[in-house]
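1. prediction below, plus the sequence it came from.
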Amino acid sequence: MPMSIIKNTAFYALVAVIVVCAVFPFYYAIITSFRTGSAIFTIEYWPTSFSVANYVNVIASGSFARNLLNSIIVSACVVTLSLLMAVTAAFALSRVRFRGRSLLLLTILSVSMFPQIAVLAGLFEVIRLLGLYNTLGGLVFSYMIFTLPFTVWVLTTFMRDLPVEIEEAAIVDGATPWVIITRVFLPLMWPALVTTGLLAFIAAWNEFLFALTFTSSTETRTVPVTIALFTGSSAHEVPWGIVMAASVIVTVPLVVLVLIFQRKIISGLTAGGVKG
Amino acid sequence: MTASPTVRSELLRQRSRSARLFLLPMILALAVVAGWPLLRTIYFSFTDASLTNIDAAKWVGFKNYLSWIQLKSGRTIYSGLLVDPAWWNAVWNTVRFSVISVALEAVFGMIIALVLNAEFKGRGIVRAAILIPWAIPTIVSARMWGWMMNDQFGILNDLFMRVGLIDHPIAWTASSDTAMIAVLIVDVWKTTPFMALLILAGLQMIPGDIYEAARIDGVHPVKQFFRITLPLVKPALMVAIIFRLLDAMRIFDLIYVLTPNSAQTKTMSVLARENLIDFDKFAYGSAQSTLLFLVIALMTMLAIWIGRVKLDGGER
Amino acid sequence: MEAGRNQIAVIRWILTDIGYSNLTAGLAFVTFYPKRFGLVFYVNASKCLRRSFHKLEQRTTSTRCSVVDLREEIMRAKSILAGLLATTLICSGAFAADLSIVSGDTGNGREFLRKQLDRFEKETGNKVKIVAMPANSSDQFGQYRLWLAAGNTDIDVYRTDVIWAPQLADQFLDLTEAMKDVVDQHFPSMIQSQTVDGKLVAMPMYTDAPAFYYRKDLLEKYKKPVPKTWDEMAATAKEIQEGERGAGNKAMYGFVFQGNAYEGLTCNALEWIKSSGGGQIIEPDGTISINNPEAVAAVDRAKGWIDTITPKGVLAYTEEESRGVWQTGNAVFMRNWPYAYALGNGPDSAIKGKFDVTTLPSSKEGQSSAATLGGWNLAISKYTKSPEEAIKLVKFLAAPEQQKERAIEIANLPTLKALYDDKDIAAAQPVITNWKPVFETAVPRPSAPTKVKYNEVSSMFWSAIHDTLSGNGTAADNLELLEAKLTELQGGSW
């Protein structure tokens, strides 16, 4: 059927355009990461040299592995904690009627309305007061300010749309709210959970300003700060090759993460076979 | 329901009890992490605080926002944030930037989400590839784009010239006509994946049998999109739009790296940072942050109202 | 470490015998965290031993063990314990100070600093930790300001930009007394730039000043002298640019500088104005002098370069973009800092050996040229817990031996006059001697008279210049407006 061939070609062309637009700058970064010295001032579309010197440099910088680990720990803790708090809060906000519910939702949202730079000084004081300065705990704590409102809102929205019937059935069976959340809702919410978790993970992973302000030693710093600390051999010089190599290295774990959680993103109601 | 009234009210009580318990950790966490810093900033906006000696801050009322002096001639001279042209320029820049970027991201995000929602070979790889722009730290991607947009050795100019879109290299970030476009390109590139992924999650939660029914009824795909997909995915779409709007209104690091001092792209956050940190005007910067908060609140309300976002949940 | 472990074994044996084996865990802890837990542990351990001694005394009758023996045993244990504690404390230098120095230097600079700090540690017994910061000086300034405002006690010594001292003066210690015997060795202008209201806020560590880079080979090819005035520079640049473009290099430009709206443009424009006899924006006594015919002429002249001898994109250039154009061989002249010298002579540079540096041009013969003073200094936080040790550290790093080593190994320009005639430096880094004349014309940015308002002054200034260069109003109008704005900002006094 020629019609379907045209349709298919058009579809794959669209996919190709999307992928090229998304990946081209990253591809360019990879090419750049294989080049050194004055070569970065020239334009190349294809990899012309394969010098791994920049990668060696990144890894040999000593603390990079440690900082990568810090980033993983911090982001994982942030995601776990905020999902945990958000799932329970979302249940209350979406499925239990109480007065001031809309107001509470808006208040939670309003936390995200302040510019980060304006809360920096105050947050710094709180963190020092709690004795969390220069610890990974301090970073996990401060990242809640932007992951928590987001996760609460998204999960509330998704939970609100789950059919009433399944919950009623569970209530009739005598299930407590906790059981309803963990046994009934969570399995249905995988796409939303994984997606919000992933987005929150990346947000924490990329955070720079807090990470720079609330840490003061190489052992507690995270990857974005480390990348900003790579310098050329002299002031003003930007070590493009090394920065790109480091960026490629830090992007890989995220891509792997997405590939791992693939299936969870596409499961959910469709795959769960629950009738709405 | 068949349960008797007493059992029902007992159930409801139990539910609201656990609801309170469920909400507590989240509210506590937010209060500790955000409460003090927010209140502090708002407080300082009513003082004459300076970072060099923050403890000596004195209460000055609304002076940072608006104050006036009457001259002997009877003329009144106003000063303060509300009559500061630089501030209103920043507000306009921010609103313009937010509306355009979020609109573009919503459209592109929807297209990408629909593509990813279809079954095709290599979907997993494509999905991972889509996420790459969002995954690269902003400070890196902003500098990377800055380099790509350079007029002499930027690949973007070279590419556009080869394709024939432009006939001479453009200094994207330098020229006042293109600075905003440059920022928009990078922001749309970077954050469309966020939108796409959230919409995709919304699409995934739509029960498949609805489409099946539509197909059996012979509903045209375009009509199907506007009649079925869009209404069902709207809650997810609106949350994505609201959070993108909040982020876009506060945009800081991208502009700070790409076009730090261009009046065409200076947004409220960039201006606030300048006053809070670089200049010795901590109180004025706090006032800007507070006003930024109000502007965002207004925009969010508008978005909630236009999008008819449900805040109160269902019947339970 | 081995000896330490044996001592732990001995004590453990004694302690298990009297039922305090859990203390060994604490002891191991002490060896890892000597400073924090050392003293606490020592006090507790002594108490425990005394208590156990009493217990044992009561038990001795049944075990038929002599009290004296036990007392001796425990005394020995106690002395071992004390000795162990003392050694761990001394090894970790807990009796000396733990200092932190924050520096946004480059990777090389940090490594080099580490080397000098190791020597300092050996000489004084202090420990010094480097807190690294991104190279972007605006980021550093923001962080330092926040840290200082919050009274951060974790950082003792700050590496500060030459323009920061007056803005952060309130939060740094006065070094006048401590440094009075060494200040005379430094260039007076550099000490002056770090002195606010008679208070020496920071000690110069190394300095920086831009120079005029020119292509020897091209000047020779077109038989042109090294330009002495800006107009001469523009004419030569134009001629060579056209000539080279005609010869096939379409990407050739005459001149590149830093034209983005940022602190770098303030430096560039200050040089144009000062070298035209137009003053230095705000004079040392606080007078606003920017609105004068010479300054207007200087800015108008620069406006004429845009898109004729410079790329249009120069309005977005910082140091690296100009170096990029220059180092790929596409510019005849460049204004830049010393760092471009070594890189331009690097093995992969297109212009290796083809260029040289001199002082920047001026408006006319006889008018002296100008170079904006840069450089880095060391200041001590007033919240430091060990001011004496911090002063020692600053004195050490600013001393002639360290500055000389710094000049030889990483080509940082010394702030000590004598070092510019030093034979070893001249032999290792001949470029440093090239910079001597540059310093004679060095001009400070008006950070000292404008104090905490400097950043705002600079921002207004670079905006006015950037507007003019991008064709947004004439130089005369923009500078007049700038004068009015600066007067308003000044208020009663700076």
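-> Now that the structure is in, tell me what you want to look at. What you see is a predicted model; the values in this text were computed from it and never measured.

2. ranges for the helices of the stretch 51-200 of chain C?
-> In the stretch 51-200 of chain C, the segments counted as helices under DSSP state H, counting those that start in this stretch are C:67-92, C:107-124, C:137-149, C:165-168, C:176-179, C:188-193.

3. what's the distance between residue C:460 and chain A?
-> Computed as C-beta to the nearest C-beta, to the nearest Å, the residue C:460 to chain A distance reads 21 Å. Quick note: C-beta positions are derived from backbone N, CA and C, even for glycine.

4. now do the contacts for that residue.
-> Counting by C-beta atoms under 8 Å, 6 or more residues apart in numbering or on different chains, residue C:460 makes contact with C:482, C:485, C:486, C:489.

5. mind checking pLDDT for the second one?
-> Note on residue C:485: pLDDT of 93.

6. wait, is it part of a strand?
-> No - residue assignment for residue C:485, taken from DSSP: H, G, I helix; E, B strand; the rest coil, gives helix, which places it outside any strand.

7. can you give me every residue that contacts residue A:88?
-> Contacts for residue A:88 (C-beta under 8 Å, 6+ apart) come out as A:181, B:22, B:23, B:25, B:26.

8. just the element for the residue nearest to the fourth one when sequence neighbours are not counted, please.
-> With C-beta to C-beta, 6 or more residues apart in numbering or on different chains as the criterion, residue B:25 has its nearest non-adjacent residue at 5.0 Å, and that residue is residue A:85. In this structure, residue A:85 is located in helix A:64-95 according to DSSP states H and E.

9. count of residues packed around residue C:214?
-> With neighbours defined by other C-beta atoms under 10 Å in any protein chain shown, the count for residue C:214 comes to 24.

10. which helix or strand in chain C has the lowest average pLDDT?
-> Here the helix or strand of chain C ranked lowest by mean pLDDT, DSSP states H and E is helix C:22-32, holding a mean of 44.

11. in chain B, which helix has the most residues?
-> Counting residues, the longest helix found in chain B (DSSP state H) is helix B:85-117.

12. and what about the most centrally placed residue in chain C, helix, strand or coil?
-> Closest residue to the average C-alpha location of chain C: residue C:376 at 3.7 Å, with C-alpha atoms, centre = their mean. Secondary structure state of residue C:376, per three-state DSSP, is strand.

13. so who does it touch?
-> Under the criterion of C-beta under 8 Å, 6+ apart, the neighbours of residue C:376 are C:105, C:159, C:160, C:161, C:162, C:204, C:205, C:206, C:207, C:208.

14. and stretch C:427-439, end to end?
-> End-to-end span of stretch C:427-439 (C-alpha to C-alpha, to the nearest Å): 20 Å.

15. which residues does it contact?
-> Taking contacts as C-beta under 8 Å, 6+ apart, the residues outside stretch C:427-439 that touch it are C:187, C:207, C:209-211, C:338, C:341-342, C:357-359, C:371, C:407-408, C:411, C:413-414, C:420, C:425-426.

16. again, 7 Å this time
-> Contact partners of stretch C:427-439, identified using C-beta atoms under 7 Å, 6 or more residues apart in numbering or on different chains, comprise C:187, C:209, C:211, C:338, C:341, C:357, C:359, C:371, C:407-408, C:411, C:413, C:420, C:425-426.

17. selection in PyMOL covering whichever of the residues you listed are buried, please.
-> Written as a PyMOL command, the selection of buried residues from those, which uses 16 or more other C-beta atoms under 10 Å in any protein chain shown, is:
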select buried, chain C and resi 187+209+211+338+341+357+359+371+407+408+411+413+420+425
